[in-house]
Structures are given as C-alpha cells and as structure tokens.
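>>> compute the structure for the input listed below.
(one chain, ligands or ions: 2)
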Amino acid sequence: MNEQSPVDAPVAKAKPVLPNAQTVTKVTHYTDRLFSFRVTRPQSLRFRSGEFVMIGLMGDNGKPLLRAYSIASPSWDDELEFYSIKVPDGPLTSKLQNIKVGDEIIVRPKPVGTLVHDALLPGKRVWFFATGTGFAPFASLLREPETYEKFEEVIITHTCRDVAELEYGRKLIEGLKQDPLIGELVEDKVKYYPTTTREESPKMGRITTLIENGQVFKDLDIAPLNPETDRGMVCGSLEFNKDIAAIMENAGLKEGSNSMPAEFVIEKAFVG
Ligand SMILES: Cc1cc2nc3c(=O)[nH]c(=O)nc-3n(C[C@H](O)[C@H](O)[C@H](O)COP(=O)(O)OP(=O)(O)OC[C@H]3O[C@@H](n4cnc5c(N)ncnc54)[C@H](O)[C@@H]3O)c2cc1C
Ligand SMILES: NC(=O)c1ccc[n+]([C@@H]2O[C@H](COP(=O)([O-])OP(=O)(O)OC[C@H]3O[C@@H](n4cnc5c(N)ncnc54)[C@H](OP(=O)(O)O)[C@@H]3O)[C@@H](O)[C@H]2O)c1
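Numbers count the residues shown, from 1 in each chain. Ligands and ions are numbered 1, 2, ... in the order given. So this is what the prediction gives:
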C-alpha cells in the first residue's frame, strides 16, 4: 500500500492571509533612493485627490507594519499609485523596495489629509510646493480635473538635491497634456519649476531662496504672492514646511484646513 496515512501526508504551508491585501501591478525604480509602484484599488476606497492612507507589509512579528503614504494617483484612477523613498535601514522601506508585480501589500482604506481642494478657497492661481517625495500628493492633484476647473494657473515647484530625483515628476508633467482624461483641461495651465540644490541643473537653489529673492516670479513672469489671487499647497520636510508657511504668512495668506478653508495648506512628506 503506497497511500500515505493522514499522519505522514505533507502539510501544505498556508500562505499568511494579509489584511486589506492589494496586488502590485507595476514597479518603477528611479534611483537607489526612490521608486514608484501601482497596486489594485480596494473596492471600498473612495478618496479625495491629495489624501494619504496607511500602507505596508506584514512585519516579522506577524503584525502589520504600516506607514503613511500619499496616494499619488488621482481619485478617478482604477488603480492606486505610490511614490516612495528607500530608507536603507527603514523598517518598512528596506523591505518594500523589493516588491515585485504580483506581490501583495496592505492598503488600509481610510484616506485622510489636508492637501485637498476642499481646504482651499477659490483663487486665480494655485502653487504646489514640493521637496523630495513631497511630490506624491501633487502627482495626484496634477491629474485631478478639479485642479483645472478651480484655477487658471497651476504652478508646481519641486526642489531636490540631485537631477535624478526630479525624474518621476518630470515624466508625469510631460505626460499631462497627452492624458486622454485630463489633457484638454490642462492646456497650458501648468508651469513646472524644478530646482536642484546639490547637483548642477538649469535652475539651482532652494525654492524658498528663489521666492525671497524674487527670481521665481521673474522666471515665470508672474506677480508676487498675493492673498487675493494665490493659493498654496505645501509638502516637504518639517523645516521646509515651516519656511514656506512663514513666506506665505508674510505675503498675507492664511493657513486653512478641511473645516476652515483658507489660502494655503500643509502636510509633512515624512516625520523626522
Ligand atoms: C502624512 C505623511 C505622508 C507620507 N507620504 C509618503 C509618501 O508618499 N512617500 C514616501 O516615501 N514616504 C511618505 N511618508 C513617509 C512614510 O510614512 C515612511 O516614513 C517612509 O516610508 C519610511 O518608512 P520606514 O519604515 O522605512 O522608515 P521610518 O522609520 O518611517 O523613517 C526613517 C527615517 O527616514 C527618513 N524618511 C522617511 N520617509 C522619508 C521620505 N519620504 N523622504 C525622505 N526621508 C524620509 C526620516 O528621516 C525618518 O526619520 C509620509 C509620511 C507622512 C507623515
Ligand atoms: N537626497 C539624497 O541624496 C540623500 C542621500 C542619503 C541620505 N539622505 C537623507 O535622507 C533624508 C531626506 O533627504 P531628502 O533629500 O529626501 O530630503 P531633504 O533633506 O528634505 O531635501 C530635499 C530638498 O529640499 C531642500 N530643502 C530642505 N530643507 C529645506 C528648507 N527648509 N527650505 C527649502 N528647501 C529645503 C533640500 O535642499 P538642501 O540640499 O539645500 O538641503 C533638497 O534640495 C535626510 O535625512 C538625508 O540626510 C538623502
């Protein structure tokens, strides 16, 4: 008799069931510190372009290891896109950077955040100020029809240390006019202002300096910040956010929130 008794039969190892699992559909690496990826969208997830959710992987201790991530795709997209740092010894991103198409990650379907149109009063022109991965919420808002319905001009500034760190944003902006859904709305409304601080590029310097010395207004041929016409959304390090907030307040713009819309809003791109 060659039948195995139930005791001898090999036990199939069950794959751990991931809570709120979504499947990776695309991964793109830009530098040794930056990558983007797309995942399936939870059916129950409704969000406003610019919001963030908690995403992650199962930790070695069997508990979900989650971090806040801005959704980089717009609210109408069938999938979710994220733009991520790779922190070499980061608890999440040291592992997340190795994901491949077909892998599963956790996406908690509870979006929140202040970088949303509802938190800004109407105006003529909206400024999106980003450093590093702080570009992520604007990757969503730049593909959101409401951005173009609400504003005549959309200015996106992105400051990074090196040229390669601008690549994700540059490609996205390059493709806006060809986008079948929003291309017509975009027209010539978007002004892109990329700057680097540690590698030579056509525009060098921190955006804060370029605002303070008036260079950005000269380069873009627009008037200085004015609370009547200008609105702003800010996403970078804590220091960056503080510095831009001070510039906005000096120009007479007030910080808003979901419950009290005003002239500018802020979100941290990371903690620490
Ligand atoms: C509201 C919010 C939205 C966020 N959205 C994004 C996003 O869209 N993309 C993204 O990559 N990260 C985002 N983050 C940061 C993210 O939550 C994690 O911190 C990051 O994924 C690293 O996780 P970790 O566990 O590997 O390391 P952590 O222990 O979380 O971080 C270790 C250290 O790495 C540095 N660091 C962390 N994140 C970044 C970053 N994004 N850029 C530069 N340095 C960083 C900080 O110095 C931090 O102290 C967001 C954070 C907040 C608060
Ligand atoms: N980017 C890298 O190549 C690199 C490599 C290894 C480790 N890290 C670490 O990763 C962390 C995050 O680095 P990051 O480059 O993603 O983010 P970051 O340090 O916040 O810098 C991103 C960009 O924002 C600018 N910036 C920073 N603070 C500003 C402020 N207050 N006002 C105006 N502009 C400001 C920086 O200019 P400045 O260059 O003038 O600061 C840089 O161009 C840091 O702890 C860093 O030590 C980064």
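
>>> pLDDT score assigned to the residue in the chain positioned nearest to ligand 1?
Proximity to ligand 1, evaluated over the chain using Cβ to the nearest ligand atom, is greatest for residue 90 at 2.0 Å. To be clear about C-beta, it is placed using only N, CA and C from the backbone, and glycine gets the same treatment. For residue 90, the pLDDT comes out at 97.

>>> residue 103 is in contact with residue 23, isn't it?
Yes. Residue 103 lies in contact with residue 23 (Cβ atoms under 8 Å); the separation is 7.4 Å.

>>> and the helices in the stretch 151-272 of the chain?
167-175, 183-186, 207-212, 215-220, 238-250 (DSSP state H, counting those that start in this stretch).

>>> and the last one with ligand 1, contact?
No. In terms of Cβ under 6 Å from any ligand atom, no part of helix 238-250 sits within range of ligand 1; the closest distance is 9.9 Å.

>>> could you list every helix and strand in contact with that helix?
Using 3 or more Cβ pairs under 8 Å, 6 or more residues apart in numbering; DSSP states H and E, the elements in contact with helix 238-250 are strand 125-131, helix 207-212, strand 230-236, strand 264-268.

>>> output these in a markdown table, with mean neighbour count, distance to ligand 1 and mean pLDDT appended to each entry.
Below are those laid out as a markdown table (neighbours: other Cβ atoms under 10 Å; distance: least, Cβ to the nearest ligand atom, whole Å; pLDDT from 0 to 100):
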| stretch | mean neighbour count | distance to ligand 1 | mean pLDDT |
| --- | --- | --- | --- |
| strand 125-131 | 25 | 9 | 98 |
| helix 207-212 | 19 | 17 | 98 |
| strand 230-236 | 27 | 8 | 98 |
| strand 264-268 | 23 | 5 | 98 |
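
>>> JSON lines for those, including distance to residue 187?
Below are the helices and strands packed on helix 238-250 laid out as JSON lines (distance: least, Cβ to Cβ, whole Å):
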{"stretch": "strand 125-131", "distance to residue 187": "14"}
{"stretch": "helix 207-212", "distance to residue 187": "24"}
{"stretch": "strand 230-236", "distance to residue 187": "19"}
{"stretch": "strand 264-268", "distance to residue 187": "24"}
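
>>> between residue 103 and residue 23, which is the more surrounded one?
residue 103 (17 against 13; other Cβ atoms under 10 Å).

>>> right, and residue 235 touches residue 115 too?
Yes. Under the criterion of Cβ under 8 Å, residue 235 makes contact with residue 115 at 6.3 Å.

>>> any stretches of the chain with poor pLDDT?
Filtered on pLDDT under 70, the chain yields the residue ranges 1-16.

>>> before we move on, which element is the residue of the chain closest to ligand 1 in?
In the assignment (DSSP states H and E), residue 90 maps to no helix and no strand.

>>> now do it against residue 137, distance only.
To residue 137, residue 90 is 20 Å away according to Cβ to Cβ, to the nearest Å.

>>> which of these two has more residues huddled nearby?
residue 137 (29 against 14).

>>> my reading is that that one lies in a helix. Confirm?
Yes. Assessed by DSSP: H, G, I helix; E, B strand; the rest coil, residue 137 belongs to a helix.

>>> can you verify my assumption that it contacts residue 70?
Yes. Counting by Cβ under 8 Å, residue 70 is a contact partner of residue 137 at 4.2 Å.

>>> which neighbours do those two have in common?
50-52, 113, 115, 235, 267 (Cβ atoms under 8 Å, 6 or more residues apart in numbering).

>>> most widely separated two among those?
Spanning the widest gap among these are 51 and 235, at 12.0 Å by Cβ to Cβ.

>>> so what sits against both of the two?
Counting by Cβ under 8 Å, 6+ apart, the common neighbours of residue 51 and residue 235 are 70, 115, 137.

>>> ok, and which of the residues you listed reach ligand 2?
Okay, of the shared contacts of residue 51 and residue 235, nothing touches ligand 2 (Cβ under 6 Å from any ligand atom).

>>> can I get the residues you listed in CSV including distance to residue 76?
What follows is those, written out as CSV (distance: Cβ to Cβ, whole Å):
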residue, distance to residue 76
70, 16
115, 17
137, 16
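
>>> going by distance to ligand 2, which of those residues wins?
For the shared contacts of residue 51 and residue 235, the residue nearest ligand 2 by Cβ to the nearest ligand atom is residue 70; the value is 14.2 Å.
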